[in-house]
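K.L.:
coords please:
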Amino acid sequence: MKIRVNRETLMPVLTKVGGVVERRQTLPILGNLLISVEDDSMQLTGTNLEIEIHAKSGSTVEQTGEITLPARKLIEICRALPEGTEMTLGVEKDRASLVAGRSRFMLSTLPAGDFPIMERNEEMQSVDVEQQTLKYLFEKTAFAMAHQDVRYYLNGLFLELKPDRLVAVATDGHRLAKVEEMLPLGVEEGMQIILPRKTVLELNRLLGGGDANARVQIEISEKLFRAVIGDVWVTSKLVDGRYPDYDRVVPSAPERIAYVDRDTLKQALFRTSILSNEKYRGVRFSLDRGELKLQTQNPEKEEAEEELEVTYSQEPTVIGFNVGYLIDVLNVLEESEVEIGFKDSDGSVILRNKGKEEETFVVMPMRL
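P.N.:
Below you'll find the predicted structure:
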């Protein structure tokens with residue numbers, strides 16, 4: 001196997017594929033990238049057994065073949081080379097050489113036959129959506145996914161495909177994010193899948209680059225998910241589990257509603273969080289007519305207090321929250337005015353941009 005390729009051609013592809021390779025692997029082969037050289041191109045594949053990313057790179061092929069090379073070392077070498085460098089990659093027996101100008105690197109290899117490839121044996125249903133739409137759904141909801149929760153089905157993002165809309169939901173049991181996008185998908189029946197956390201993060205990284213009208217082809221089977229993004233294929237296993245009924249978590253028709261400036265609230269929360277309890281990060285919300293008071297304290301008996309002007313004319317209410325959860329929601333809201341809806345001091349609170357019913361963010365209260 002022998003090819004010639006420019007650094008600026010190879011580096012973007014290495015970055016896309018290499019992102020899926022974990023720094024610590026259970027198997028040595030998972031630390032490598034599969035490089036397959038055909039008559040007119042070089043193809044690279046990375047995997048962690050849960051998700052696989054495959055991409056093409058232009059190159060001048062002198063000899064076809066396939067091999068696996070250490071992912072991190074290859075990426076770091078290419079990153080360290082000067083811009084515009086022409087590289088020659090060759091493989092003989094179990095050693096690979098990479099020559100770039102006066103630089104020469106010898107890399108260890110592992111057999112291509114040992115590299116695990118996700119086989120697509122099942123019939124897959126396909127839909128086509130704009131990349132920006134899918135990225136919008138992920139960016140608005142991914143922050144609420146659980147991380148290493150024993151309830152494994154929460155360590156991912158719930159995606160529901162209906163005939164007229166696409167719904168994304170994420171929750172860790174303490175907060176929930178739900179966003180709907182109206183668009184004709186052409187599916188006869190609703191399809192429900194749970195994407196693993198790593199898959200969502202990698203897709204969010206790969207989506208939305210370049211052409212604003214670019215589209216992504218989504219293929220779904222009972223156990224697999226595939227997204228085709230230009231010359232990049234992302235294949236992932238699905239989380240096998242039943243996602244909670246998220247509609248039961250969302251309070252219906254909140255009786256009390258307050259309106260507050262998003263940036264003002266966000267900055268006030270940042271300041272008061274400095275003196276919050278480091279373990280629980282609780283903040284007390286005290287709502288009264290035209291006023292919102294934020295209060296935090298910690299075991300050292302230190303306290304912080306902020307007063308904000310709000311649009312609110314109903315019964316006084318006091319609620320406790322994890323300040324980090326509130327800030328996470330405010331980070332994904334875009335409009336200047338935030339709507340806060342709740343039933344009473346014991347129930348969950350809905351936050352959303354004023355008038356944006358398709359976006360729903362729920363934060364559960366905490367006792368202070």
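
K.L.:
buried stuff in the helix or strand of the chain with the lowest mean pLDDT?
P.N.:
The helix or strand of the chain with the poorest confidence is strand 60-63; it has a mean of 89 (mean pLDDT, DSSP states H and E). The neighbour-count check on strand 60-63 (16 or more other C-beta atoms under 10 Å) flags residue 61 as buried. For the C-beta atoms, the positions are set from N, CA and C on the backbone; glycine is no exception.

K.L.:
what's the next helix or strand after that strand in contact with?
P.N.:
Note on strand 60-63: by DSSP states H and E, the next helix or strand toward the C-terminus is strand 65-70. By C-beta atoms under 8 Å, 6 or more residues apart in numbering, the surrounding residues in contact with strand 65-70 are 1, 29, 31-37, 91, 96, 107-112, 114-115.

K.L.:
contacting residues for residue 101?
P.N.:
With C-beta under 8 Å, 6+ apart, residue 101 has these contacts: 82, 85, 86.

K.L.:
tell me how far the residue at the greatest distance from the centre of the chain lies from residue 319.
P.N.:
When distances are taken from the C-alpha mean of the chain, residue 102 lies farthest, 40.2 Å away, according to C-alpha atoms, centre = their mean. For residue 102, the distance to residue 319 equals 66 Å [C-beta to C-beta, to the nearest Å].

K.L.:
picking that back up, which of the contacts of strand 65-70 are buried?
P.N.:
1, 29, 31-37, 91, 96, 107, 109-110, 112, 115.

K.L.:
for the stretch 101-250 of the chain, what spans make up the strands?
P.N.:
103-108, 125-130, 156-162, 165-171, 175-182, 191-196, 215-220, 224-229, 232-237 (DSSP state E, counting those that start in this stretch).

K.L.:
now render these as TSV, adding mean pLDDT.
P.N.:
Converted to TSV, these look like this (pLDDT from 0 to 100):
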stretch	mean pLDDT
strand 103-108	96
strand 125-130	92
strand 156-162	95
strand 165-171	96
strand 175-182	96
strand 191-196	95
strand 215-220	94
strand 224-229	95
strand 232-237	96
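
K.L.:
nearest to residue 57, out of those?
P.N.:
For residue 57, the closest of the strands of the stretch 101-250 of the chain is strand 232-237, at 10.8 Å, according to C-beta to C-beta.

K.L.:
neighbouring strands - and their directions - for that closest one?
P.N.:
The pairing partners recorded for strand 232-237 under DSSP bridges are strand 51-57 (antiparallel), strand 224-229 (antiparallel).

K.L.:
JSON lines for these, including mean neighbour count and distance to residue 128?
P.N.:
Formatted as JSON lines, the strands paired with strand 232-237 follow (neighbours: other C-beta atoms under 10 Å; distance: least, C-beta to C-beta, whole Å):
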{"stretch": "strand 51-57", "mean neighbour count": "22", "distance to residue 128": "19"}
{"stretch": "strand 224-229", "mean neighbour count": "20", "distance to residue 128": "9"}
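
K.L.:
nearest approach to residue 340 belongs to which of the ones you listed?
P.N.:
strand 224-229 (35.1 Å).

K.L.:
got the CA coordinates for that closest one in CSV?
P.N.:
Only the C-alpha atoms of strand 224-229 are listed here, as CSV (Å, rounded to 0.1, in the frame of the first residue of the first chain):
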residue,chain,number,x,y,z
LEU,A,224,-28.9,0.4,14.1
PHE,A,225,-28.9,4.1,13.2
ARG,A,226,-27.0,5.6,10.2
ALA,A,227,-26.5,9.2,9.2
VAL,A,228,-24.9,10.0,5.8
ILE,A,229,-23.5,13.5,5.9
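
K.L.:
determine how far it lies from the middle of the whole chain.
P.N.:
15 Å (C-alpha atoms, centre = their mean, to the nearest Å).

K.L.:
quick one: contacts of it?
P.N.:
118, 120, 122, 124, 131, 134, 193, 195, 199, 203, 206-207, 214, 216-220, 233-238.

K.L.:
quick one: contacts of stretch 183-195?
P.N.:
Applying C-beta under 8 Å, 6+ apart, the set of residues contacting stretch 183-195 from outside is 125, 127, 129, 133, 153, 156-166, 203, 220, 225, 236, 238-239, 241, 243.

K.L.:
hmm, try it at 6 Å
P.N.:
Residues outside stretch 183-195 that contact it (C-beta atoms under 6 Å, 6 or more residues apart in numbering) are 127, 153, 156-163, 220, 238-239, 243.

K.L.:
name the member of those residues with the most neighbours.
P.N.:
Using other C-beta atoms under 10 Å as the neighbour criterion, residue 157 leads the contacts of stretch 183-195 with 28 neighbours.
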